[in-house]
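A.B. asks: coords please:
(one chain, ligands or ions: 1)
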Amino acid sequence: MFDKPLILVAGGAGYIGSHVTVELVEAGYEVLIGDNFSNCDRTCYEGVKQILGREVPLVEIDFCDRTATDNLFATYPIAAVIHFAAFKAVGESVTEPLKYYRNNLLSLLNVVESAERHGCRNILFSSSATVYGEAEVQPVTEQSPRLPATSAYGQTKQMSEDILRDVVASKGLVRGIALRYFNPIGAHPSALIGELPRGVPNNLVPYITQTAVGKRQMLSIFGGDYPTPDGTCLRDFIDVVDLARAHVAAVTRMVEDKMEQPYEIFNVGTGKPVSVMQLVEAFERVNGLKLNYKIVDRRPGDIVAIWADTSLAEQKLGWKATRTLDETLASAWAWECHLAEQK
Ligand code: WQD
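C.D. replies: Numbers count the residues shown, from 1 in each chain. Purely as a prediction, here's the structure:
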């Protein structure tokens, strides 16, 4: 039924999952999307179809449903699974921790258990730089200590990494790669898929684009008195298409049997720190507009600075970020404009 290796993208209708789907298909893989649209609508799924000029098979499934997940792995010859099906709002995870522990952990347990049972050897997990917390030494390497998480969301990322590591070590039936994303931003160059937060955005770039388009009145820059060159926080903003290509490289390493260890971890960032203020100014310059913003108090829980050492991904995955910050910020704005035109 499938001529090429079939990759299950669990949560493939979401922001990162949809970009990964496009890159996988363009790299020659077959993709099966599993999603229950609980945290996204069909916009990106439709966008993927338009970009590729064909439909990508979709199974509507809740990966918290153990039987349904098992049936899926029993039905399809899945060569690798990429697991994105999780909630990701840090603040909400603090007020509703059970929702996060239940959804993010149960879905992972079901996916890993079914993969193991049905002979799917390769599991790629979407982890986060949040596992490093406020690291003392920058840039962080994969060997940097994981600090105690400050949110249930962060806890689920650490616990999920550990679950995968332990299962891989137990029977040797599966192997795993965890990709630790820094701050994913931007959209596909076609402007047909991108980030679509529900309600008021928590993350910086969607807040910027929504302010620029007039959906929000003003951007609050949280903190101008940090011990950084311009007083605002430093982050490693990684373009979502570059990020998606890191997944293709990681999947290829797995299905072509090139892993050196059965469980591997890679940072996925640019390796370059950019301040919040630099990002805002670059957005204004690249898109030729003025943003209404104000520096306000610090946001509780924010870390001052984090950026990636990306040498391991460069060496082992042959992957490196290629899109410039300007290109990325232009794509984020094009996507917001595309959304505005749809209304
Ligand atoms: C970036 C910087 C804010 C909004 C979080 C998660 C992480 C990952 C990505 C995702 C900070 C500042 C933001 C605003 C601002 N998870 N900011 N005004 O906090 O680095 O990382 O998202 O799924 O795990 O922790 O990202 O985009 O929220 O903030 O000034 O309106 O922008 O203070 O310095 P963060 P962010």
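A.B. asks: C-alpha from now on. contacts and neighbour counts both.
C.D. replies: Noted.
A.B. asks: after the worst-scoring helix or strand of the chain on mean pLDDT, next one along is what?
C.D. replies: Within the chain, confidence by mean pLDDT, DSSP states H and E is lowest for helix 90-95 among all helices and strands, at a mean of 93. Later in the chain than helix 90-95, the nearest helix or strand by DSSP states H and E is helix 97-100.
A.B. asks: so where's the stretch 101-250 of the chain uncertain?
C.D. replies: Scanning the stretch 101-250 of the chain for pLDDT under 70 picks out nothing.
A.B. asks: and the helices in it?
C.D. replies: Remark: helices assigned in the stretch 101-250 of the chain by DSSP state H, counting those that start in this stretch are 106-117, 152-171, 204-212, 240-255.
A.B. asks: how far off centre is the longest one?
C.D. replies: In terms of C-alpha atoms, centre = their mean, to the nearest Å, the centre of helix 152-171 is set 17 Å apart from its chain centre.
A.B. asks: residue contacts, the spatially closest residue to Phe125 that is not a sequence neighbour?
C.D. replies: Distances taken as C-alpha to C-alpha, 6 or more residues apart in numbering put Ala178 closest to Phe125, at 4.7 Å, once the chain neighbours are dropped. Applying C-alpha atoms under 8 Å, 6 or more residues apart in numbering to Ala178 gives the contacts Leu124, Phe125, Ser126, Ser127, Glu161, Tyr263, Glu264, Ile265, Phe266.
A.B. asks: just the closest of those residues to the ligand, please.
C.D. replies: Of all the contacts of Ala178, the one with the least separation from the ligand (C-alpha to the nearest ligand atom) is Ser127, at 8.6 Å.
A.B. asks: could you find the closest non-adjacent residue to that closest one?
C.D. replies: Nearest non-adjacent residue to Ser127, counting by C-alpha to C-alpha, 6+ apart: Arg180, 4.5 Å away.
A.B. asks: specify the beta-bridge partners of the one you found.
C.D. replies: With DSSP bridges as the criterion, Arg180 is bridged to Ser127, Asn267.
A.B. asks: I figured it hits Phe266, correct?
C.D. replies: Yes - between Arg180 and Phe266 there is a contact under C-alpha atoms under 8 Å: 6.0 Å.
A.B. asks: count the residues that sit near Ala13.
C.D. replies: Ala13 has 31 neighbours, counted by other C-alpha atoms under 10 Å.
A.B. asks: ignore what I typed, I meant Leu329.
C.D. replies: Around Leu329 there are 25 other residues, counting by other C-alpha under 10 Å.
A.B. asks: can you check Pro97 too?
C.D. replies: Every residue meeting other C-alpha under 10 Å relative to Pro97 is counted, giving 18.
A.B. asks: so how far is the ligand from it?
C.D. replies: For Pro97, the distance to the ligand equals 15 Å [C-alpha to the nearest ligand atom, to the nearest Å].
A.B. asks: check Val90 too.
C.D. replies: Val90 sits 6 Å away from the ligand, going by C-alpha to the nearest ligand atom.
A.B. asks: wait, doesn't that residue sit right on Ser151?
C.D. replies: Yes - applying C-alpha under 8 Å as the test, Val90 and Ser151 come out as touching, 6.4 Å apart.
A.B. asks: returning to that earlier point: tabulate the contacts of Ala178 in CSV, adding columns for distance to Pro227 and neighbour count.
C.D. replies: Shown next, in CSV, are those (distance: C-alpha to C-alpha, whole Å; neighbours: other C-alpha atoms under 10 Å):
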residue, distance to Pro227, neighbour count
Leu124, 36, 24
Phe125, 33, 23
Ser126, 30, 21
Ser127, 28, 25
Glu161, 31, 24
Tyr263, 36, 20
Glu264, 34, 16
Ile265, 30, 21
Phe266, 28, 25
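A.B. asks: among these, which are in reach of the ligand?
C.D. replies: Among these, not one lies near the ligand by C-alpha under 6 Å from any ligand atom.
A.B. asks: could you dump these to TSV with distance to Asn202?
C.D. replies: As requested, those are exported to TSV (distance: C-alpha to C-alpha, whole Å):
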residue	distance to Asn202
Leu124	26
Phe125	23
Ser126	19
Ser127	19
Glu161	24
Tyr263	32
Glu264	30
Ile265	27
Phe266	25
